[in-house]
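Participant: sequence-free structure coming up:
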């Protein structure tokens with residue numbers, strides 16, 4: 001076969017380069033024709049297997065990085081953790097400058113949410129945010145009530161050594177409303193509670209206060225809803241920080 005190809009090329013009037021490229025092409029096609037019939041099938045099988053591995057890898061990545069719940073941790077830093085179905089933190093949002101300072105050198109991504117909360121509270125304590133009158137508010141956000149109950153129990157278990165801790169649950173609709181208002185869950189709930197007590201209170205008065213200050217302000221109204229003296233009036237101009245959770 002190579003001799004016949006050579007003789008045929010000797011009779012063709014073309015440039016040496018064109019002849020050489022054509023020879024190589026025909027030689028390749030000849031080798032392919034001589035391959036066993038099963039080899040092309042094996043090549044397709046290998047290609048299909050590679051595509052399947054890529055698809056599985058991509059779906060696994062999306063599965064891991066899809067949040068199923070959020071946890072808002074509010075003291076005077078305000079932080080929100082996005083949690084995947086494996087209970088791992090996949091992202092963190094800081095709602096104020098204190099939160100940015102708190103998390104600047106704190107690595108919580110890919111940690112369990114229990115470990116992440118413990119790290120956040122330990123760092124808050126070391127940075128002086130957990131003072132005697134501090135209030136820790138933690139809110140689990142998910143529409144899955146079973147998951148919410150389980151996560152709240154886990155949060156309570158890993159915060160038992162701290163005082164003034166409250167943990168609650170919320171759904172995605174309320175969470176979305178808080179995001180639309182530009183605040184975290186704790187501040188949003190505190191604002192709604194304060195507006196029930198005094199409709200003149202604005203969101204701007206609330207968003208710069210710590211959860212401890214907001215807690216004191218709410219309780220200054222007393223059980224009958226009447227504010228005692230001037231307590232709480234000054235909170236509208238206080239210097240706390242942006243929160244993320246539930247105020248009872």
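Facilitator: Perfect, thanks for sending it. Source: prediction; values computed, not measured.
Participant: The chain: strands as residue ranges?
Facilitator: Assigned by DSSP state E, the strands in the chain fall at 67-74, 78-84, 89-94, 136-141, 165-170.
Participant: In CSV: those, plus mean pLDDT, distance to residue 185 and mean neighbour count.
Facilitator: For the C-beta atoms, the positions are set from N, CA and C on the backbone; glycine is no exception. Converted to CSV, those look like this (pLDDT from 0 to 100; distance: least, CB to CB, whole Å; neighbours: other CB atoms under 10 Å):
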stretch, mean pLDDT, distance to residue 185, mean neighbour count
strand 67-74, 95, 5, 24
strand 78-84, 95, 8, 24
strand 89-94, 94, 12, 17
strand 136-141, 95, 4, 28
strand 165-170, 94, 6, 19
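Participant: Of all the ones you listed, which one is nearest residue 107?
Facilitator: Closest to residue 107 of the strands of the chain, according to CB to CB: strand 89-94, at 9.6 Å.
Participant: Report all helices and strands that that closest one contacts.
Facilitator: Contacts defined by 3 or more CB pairs under 8 Å, 6 or more residues apart in numbering; DSSP states H and E place strand 89-94 against strand 78-84, helix 97-103.
Participant: quick one: contacts of the last one?
Facilitator: Taking contacts as CB atoms under 8 Å, 6 or more residues apart in numbering, the residues outside helix 97-103 that touch it are 76-79, 92, 94, 120, 123-124, 127, 129, 241-242.
Participant: average pLDDT for it?
Facilitator: Mean pLDDT, computed over helix 97-103, is 93.
Participant: Quick one: closest of the helices and strands packed on strand 89-94 to residue 169.
Facilitator: strand 78-84 (13.3 Å).
Participant: okay if I get the strands of the chain as CSV plus distance to residue 204?
Facilitator: Shown next, in CSV, are those (distance: least, CB to CB, whole Å):
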stretch, distance to residue 204
strand 67-74, 18
strand 78-84, 16
strand 89-94, 20
strand 136-141, 20
strand 165-170, 23
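Participant: Looking at the ones you listed, which is nearest to residue 198?
Facilitator: strand 136-141 (20.5 Å).
Participant: quick one on the thing from earlier: got CSV for the helices and strands packed on strand 89-94, with distance to residue 196 too?
Facilitator: Output for the helices and strands packed on strand 89-94, formatted as CSV (distance: least, CB to CB, whole Å):
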stretch, distance to residue 196
strand 78-84, 22
helix 97-103, 27
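Participant: mind checking which of these is nearest residue 69?
Facilitator: strand 78-84 (4.7 Å).
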